[in-house]
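Take a look and give me a structure for this.
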Amino acid sequence: VRIVRNIIRGPAPDAEQRLICGIKDMYGDVDDVTIARNEIRYASTGIQVGAGRVRGNYLHDFGLREGDHINGLTSNGAYGRLVVRRNTILNQFPQTDAVGLFQDFGVESDRLITDNLLAGGGYVIYGGQGHLGRSHDIVITDNRISQIFYRRGGRYGPIAHFDHRAPGNAFRGNVWDASGRRVH
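Numbering: from 1, shown residues only. Sure thing, here's the model as predicted:
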């Protein structure tokens, strides 16, 4: 499956409705998808996918209705390799994330989040740790975290629920966009 060079948008941000999800692997069973160079706006979730390649997309101006969780890109514990590279994800809301790796349906593993510009949410990145088991092989590297919305990148900080000690996990080379200083 290839989803390339589209503009996907919900109604205007002040409309009563919003697009729930721009691109979604409905059943979490697609293992070879390429999502590239799309612009997604006015959605409560930009992209929800468990495996494949997500690159060069621009996700911004999210839509929010009461009860929503705002996710730029989210994975819910599906199996297969997920590579998220060279995207710009700007979540102006103070909740959920720019990138969320969650264990709703399985342990998060084999994830590469690299060379992205990310901002906003409660935390900019949720790093895969959860109640179903120990996440592993989660590599979050060389991303730029913007403080455009919040001085900590996200309302509460740049990253949460990431196990630095799990096998194959790495958080390195990530910097604050404005200063180039290392994000811890």
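
Contact partners for the most centrally placed residue in the chain?
Most central in the chain under Cα atoms, centre = their mean is Val99, positioned 1.8 Å from the mean C-alpha point. Counting by Cβ atoms under 8 Å, 6 or more residues apart in numbering, Val99 touches Gly72, Leu73, Thr74, Val84, Ile89, Ile113, Asn116, Leu118, Val124, Ile125, Tyr126. Where C-beta positions appear, they are placed from N, C-alpha and C, glycine not excepted.

One more: Arg41?
Contacts of Arg41 (Cβ under 8 Å, 6+ apart): Ile8, Arg9, Gly10, Leu59, His60, Asp61, Phe62.

Could you give the number of residues near the closest residue to it other than its chain neighbours?
Excluding its sequence neighbours, the residue lying closest to Arg41 (Cβ to Cβ, 6 or more residues apart in numbering) is Asp61, at 4.3 Å. For Asp61, the neighbour count with other Cβ atoms under 10 Å is 16.

show me the contacts for Asp61.
Pro13, Arg41, Tyr42, Leu90, Gln92.

pLDDT, secondary structure and distance to Ile148 for the residues you listed - can I get that in TSV?
As requested, those are exported to TSV (pLDDT from 0 to 100; DSSP: H, G, I helix; E, B strand; the rest coil; distance: Cβ to Cβ, whole Å):
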residue	pLDDT	secondary structure	distance to Ile148
Pro13	70	coil	17
Arg41	95	strand	16
Tyr42	94	coil	18
Leu90	98	strand	7
Gln92	97	coil	8
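
Sounds good, over and out.
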